[in-house]
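Colleague: Here you go, sequence then predicted model.
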Number of protein chains: 2
Amino acid sequence: MQASATAQQDAPSARQQAVLDAVLGLMVEDSEQLTMDAVARRASCSKETLYKWFGDRDGLLTATVRWQASRVHAGHDAAQVLDGATLRERLQDFAVTWLEVITGPTSVALNRIAIAHAGSRKSNLGGIVLANGRFAIGERVKPVLEAGRAAGLLAFADSEAAFRTFFGLVGRDIQIRLLLGETLDLDGVGIRRDAGRAVEQFLALYGRAKPDPNHQT
Amino acid sequence: MQASATAQQDAPSARQQAVLDAVLGLMVEDSEQLTMDAVARRASCSKETLYKWFGDRDGLLTATVRWQASRVHAGHDAAQVLDGATLRERLQDFAVTWLEVITGPTSVALNRIAIAHAGSRKSNLGGIVLANGRFAIGERVKPVLEAGRAAGLLAFADSEAAFRTFFGLVGRDIQIRLLLGETLDLDGVGIRRDAGRAVEQFLALYGRAKPDPNHQT
DNA sequence: CGCGTACCGTACGGTACGGTACGCTACTTC
DNA sequence: GAAGTAGCGTACCGTACCGTACGGTACGCG
């Protein structure tokens, strides 16, 4: 038996992706009835195929988390030259993207599953979500911060600490409230407003020069 | 049948509190095996008693969350007169307390349970945790902020928005990382340092007068 | 002493779900 | 067209766990 592509790191086939999308759909609709039978029914495949492809239930969940993570990475290419307006714009982009991700129903459902499984030792779903969420965006934001520092626009000693402050200013209590079941309705306008406020606050804390005096709070 | 005190709002008896503490212990140790049998064994009581007292499994979990919540409220009395040093100290106290709570293993375990159940309609564990965590501390911090504004020390339009910024500066990514299974070791020193940094950043954003120029970052 | 009450320990029923086995169909390959 | 294979649908097994029932014990009370 050539134990199934997706159990390892390989990319899932189109059919397998359809199965994983079915899992995501069930997660969002009602994570309670996320059973192997339900997945097989939703994906119109047999349970035997599920087990052949993904090993066991944890393998299926892990593959689903990886699959969703692989779709989030819409990469921005770093601009080398960085003036104040560009820096603000880049930070705003990151903040908007991050808020859109964490407020999305898929992210909420996925984080709930990962958190629920984080108590047990096996099946490191929490680690995968962290690596592809919090840490992935950190690794993308920190170079921007450091470029801002190199351009004399920002002042900080530890880029990790600076990013964590940015993270807190952007997310605040939103994610925990959503995870605990509150239904915040944040539309695109609200997200952009929140992101803008966070960026202004971050620049107020870490900004060195005032690159663009005509900004709105 | 006089359906059991704890199913309603009444305070649990001493014996019932022991049962709820057993539940908390099991949650912290291994939330996977949080079964009615395990609770009965741990608490040295019969399952029949559990069902008589708490109705069903959700009732037991709800009573446990309420029980834990009832222990967190160590009330600070508000000081009426507020100078800069006192304001900073009060905020520091809140930040330290909050960080101690969310980094504690009981809080992590409880939040995991509540988040896992937040997907389903019945048994509003998430709402209870939110009400006694995030919103309870908000209701205690906002009067302090408003007193600070009344004393001319702070400037903000919306105390809720100001508190949410404070919340974000204090918590940053700590709670989500803990919930997702990362083991951050924050001792008392680290917590106080984090809290101090958050307070200074908050005052830098919202402070009006500079009450004490000799502070360390 | 007899009775009711409260509770412990344990055994049992029902069920849901993870995982496996098997029959069948359709498609590829020689 | 025969053989092999991938995969669907379904039936099945074992087990874990929720919820209940039952026997046994201690204690208060008339």
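Modeller: Thanks, I have it.
Colleague: worst-scoring helix or strand of chain A, pLDDT-wise?
Modeller: helix A:57-72 (a mean of 90; mean pLDDT, DSSP states H and E).
Colleague: Buried residues of that one, list them for me.
Modeller: A:59, A:60, A:61, A:62, A:63, A:64, A:65, A:66, A:67, A:68, A:69 (16 or more other CB atoms under 10 Å in any protein chain shown). The C-beta positions use only the backbone N, C-alpha and C, and glycine is treated the same way.
Colleague: Turn these into JSON lines, including distance to DNA strand C.
Modeller: Putting the buried residues of helix A:57-72 into JSON lines (distance: CB to the nearest atom of the strand, whole Å) gives the following:
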{"residue": "A:59", "distance to DNA strand C": "8"}
{"residue": "A:60", "distance to DNA strand C": "8"}
{"residue": "A:61", "distance to DNA strand C": "10"}
{"residue": "A:62", "distance to DNA strand C": "12"}
{"residue": "A:63", "distance to DNA strand C": "13"}
{"residue": "A:64", "distance to DNA strand C": "13"}
{"residue": "A:65", "distance to DNA strand C": "16"}
{"residue": "A:66", "distance to DNA strand C": "17"}
{"residue": "A:67", "distance to DNA strand C": "18"}
{"residue": "A:68", "distance to DNA strand C": "19"}
{"residue": "A:69", "distance to DNA strand C": "22"}
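Colleague: Which segments of chain A make up each domain?
Modeller: A:14-71, A:77-206 (automatic domain parsing).
Colleague: Distance check, residue A:54 against residue A:30.
Modeller: Distance from residue A:54 to residue A:30, counting by CB to CB, to the nearest Å: 21 Å.
Colleague: what do you get for residue A:101?
Modeller: 22 Å.
Colleague: Equivalent analysis for residue A:59, please.
Modeller: 22 Å.
Colleague: Is stretch A:54-74 positioned near chain B?
Modeller: No - counting by CB under 8 Å from any CB of the partner chain, chain B has no neighbours in stretch A:54-74; the shortest distance is 11.2 Å.
Colleague: Would you agree residue A:184 falls within a strand?
Modeller: No - assessed with DSSP: H, G, I helix; E, B strand; the rest coil, residue A:184 is coil; it does not lie in a strand.
Colleague: okay but it is in contact with residue A:174, surely?
Modeller: Yes - if you go by CB atoms under 8 Å, residue A:184 and residue A:174 touch, sitting 6.6 Å apart.
Colleague: who touches both of those two?
Modeller: residue A:103 (CB atoms under 8 Å, 6 or more residues apart in numbering or on different chains).
Colleague: between residue A:54 and residue A:30, who's got more neighbours?
Modeller: residue A:54 (27 against 13; other CB atoms under 10 Å in any protein chain shown).
Colleague: isn't that one right up against residue A:67?
Modeller: No - if you go by CB under 8 Å, residue A:54 and residue A:67 don't touch, sitting 11.0 Å apart.
Colleague: Write out the residues of chain A neighbouring DNA strand D.
Modeller: Contacts of chain A with DNA strand D, taken as CB under 7 Å from any atom of the strand, map to A:15, A:40, A:44, A:45, A:46, A:47, A:48, A:49, A:52.
Colleague: ok, and for the strand or helix carrying the first one, which residues are buried?
Modeller: Okay, so that is residue A:15. Per DSSP states H and E: residue A:15 is located in helix A:14-29. Buried residues in helix A:14-29, counted by 16+ other CB under 10 Å: A:16, A:17, A:19, A:20, A:22, A:23, A:24, A:26, A:27, A:28.
Colleague: what is the orientation angle of it with helix A:57-72?
Modeller: If you take axes from the mean of the first three to the mean of the last three CA atoms, to 10 degrees, helix A:14-29 sits at 90 degrees to helix A:57-72.
Colleague: which residues sit against helix A:14-29?
Modeller: By CB under 8 Å, 6+ apart, helix A:14-29 touches A:5-6, A:12, A:33-34, A:38-39, A:42-43, A:45, A:50, A:53, A:60-61, A:63-64, A:67-68, A:105-106, A:109-110, A:113.
Colleague: In chain A, where is pLDDT below threshold?
Modeller: For chain A, the stretches with pLDDT under 70 are A:1-10, A:74-80, A:209-217.
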